[in-house]
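**Q** coords please:
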Amino acid sequence: MINIEMARDYFYRSKRCLREASASLEDGDYAGAIRRIQEALEMAVKSLLRALAIEYPRTHDVSDVLIENVDKLLMT
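**A** I've put the predicted structure just below:
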């Protein structure tokens, strides 16, 4: 899969996580909603990085990569 296809897939997964978070919130599962929102944000950020062909570590926290590439991110 090329970068843009992977970015689309990650973004789709991010939107799915948001829908699941909304359902959890409606059910009163606040901890579940927060967890799914965190996953949605993580997938959205990784989608952006993938779309820009920026490699990131296979960890949950990619903040160092965002800081290292701030100029490239601001140009988009």
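**Q** contacts for the lowest-mean-pLDDT helix or strand in the chain, please.
**A** Sorting the helices and strands of the chain by mean pLDDT, DSSP states H and E puts helix 70-74 at the bottom, at a mean of 86. Helix 70-74 has contacts (CB atoms under 8 Å, 6 or more residues apart in numbering) with 48, 52, 54, 66. Any C-beta I mention is one placed from the backbone N, CA and C, and that applies to glycine too.
**Q** show me the contacts for the residue lying closest to the third one once chain neighbours are set aside.
**A** Closest residue to residue 54 in three dimensions, ignoring its sequence neighbours and counting by CB to CB, 6 or more residues apart in numbering: residue 69, at 5.4 Å. With contact taken as CB under 8 Å, 6+ apart, residue 69 is in contact with 49, 52, 54.
**Q** any weak-confidence spans in this protein?
**A** 1, 76 (pLDDT under 70).
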